[in-house]
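Visitor: Generate a structure from the sequence data that follows.
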Amino acid sequence: MTFDEVAKERRSVRAYKADEKVSKEMVEELIKAAQLAPTWKNSQTGRYYVVMSEEKLTKVKQECLPEFNRNNCADAPVLIVTTFVKNRAGFNREGVADNELGNMWGAYDLGLQNENLLLKAKDLGLDTLVMGIRDGEKLREVLNIPAEQEVVAVISVGYRNQNPDMPKRKALEDISVFC
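Guide: Below you'll find the predicted structure:
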């Protein structure tokens, strides 16, 4: 599949095939692709908590996600909780922010990494949904996420059981300025 095909065919999927599992090796490929993304000063602060066991999947879905997201990922065989290490990307060695964005650089870098993960998933025939509405503190507790990491998103991964249309995109002239 070409890059353009992967980018155009990727969708946010809210229904997965319950009987199709995703291997640990496939998830490792997703994370390796995420690692290839650029990061501030090569700080590589993104972290991935992969939930695959039935027991943990049930616990995370029931205790850490609101009902609508629980429904969106009900049959997803994998959840990946993404975090970044705070106060590193966008900061100098003394812990002072290099510019006014501070920790937003960690979130920016993680976004770049997550996009690589999403595109690699599509390339492997998998589908995903990024969920930002979640209980970060409960995820921290259930998955033993250290306090120095910021919980950002939960990504469901699996094989689609629906074929959503591509949402309308804004016109190029509405989103860009050429100087």
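Visitor: now the strands for the protein?
Guide: In the chain, the segments counted as strands under DSSP state E are 46-51, 78-85, 127-131, 149-158.
Visitor: which stretch among these comes nearest residue 7?
Guide: Counting by C-beta to C-beta, residue 7 lies closest to strand 127-131 out of the strands of the chain; the figure is 13.4 Å. Any C-beta I mention is one placed from the backbone N, CA and C, and that applies to glycine too.
Visitor: what packs against the closest one?
Guide: Applying 3 or more C-beta pairs under 8 Å, 6 or more residues apart in numbering; DSSP states H and E, we find strand 127-131 packed against helix 67-72, helix 104-123, strand 149-158.
Visitor: To residue 175, which of the ones you listed lies closest?
Guide: The closest of the helices and strands packed on strand 127-131 to residue 175 is helix 104-123. By C-beta to C-beta, the value is 16.9 Å.
Visitor: Would you mind writing the CA trace of that closest one as CSV?
Guide: The C-alpha trace of helix 104-123 is given here as CSV (Å, rounded to 0.1, in the frame of the first residue of the first chain):
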residue,chain,number,x,y,z
MET,A,104,3.1,21.0,25.1
TRP,A,105,6.2,19.8,23.2
GLY,A,106,5.9,16.4,24.9
ALA,A,107,2.3,16.2,23.7
TYR,A,108,3.2,17.4,20.2
ASP,A,109,6.0,14.8,20.0
LEU,A,110,3.6,12.1,21.2
GLY,A,111,1.1,13.1,18.6
LEU,A,112,3.7,12.6,15.9
GLN,A,113,4.5,9.2,17.3
ASN,A,114,0.9,8.3,17.6
GLU,A,115,0.2,9.2,13.9
ASN,A,116,3.0,6.9,12.8
LEU,A,117,1.4,4.2,15.0
LEU,A,118,-2.0,4.8,13.4
LEU,A,119,-0.7,4.7,9.8
LYS,A,120,1.4,1.6,10.5
ALA,A,121,-1.8,-0.1,11.9
LYS,A,122,-3.6,0.7,8.6
ASP,A,123,-0.6,-0.5,6.6
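Visitor: what angle separates it from strand 149-158?
Guide: 10 degrees (axes from the mean of the first three to the mean of the last three C-alpha atoms, to 10 degrees).
Visitor: List the buried residues of helix 104-123.
Guide: By neighbour count on 16 or more other C-beta atoms under 10 Å, the buried set for helix 104-123 is 105-111, 113-123.
Visitor: swap in stretch 156-169?
Guide: Applying 16+ other C-beta under 10 Å to stretch 156-169 flags 156, 157, 158, 159, 160 as buried.
Visitor: and the residue nearest to the third one when sequence neighbours are not counted, how many residues sit next to it?
Guide: Ranked by C-beta to C-beta, 6 or more residues apart in numbering and with sequence neighbours excluded, the top spatial neighbour of residue 158 is residue 16, at 3.6 Å. For residue 16, the neighbour count with other C-beta atoms under 10 Å is 26.
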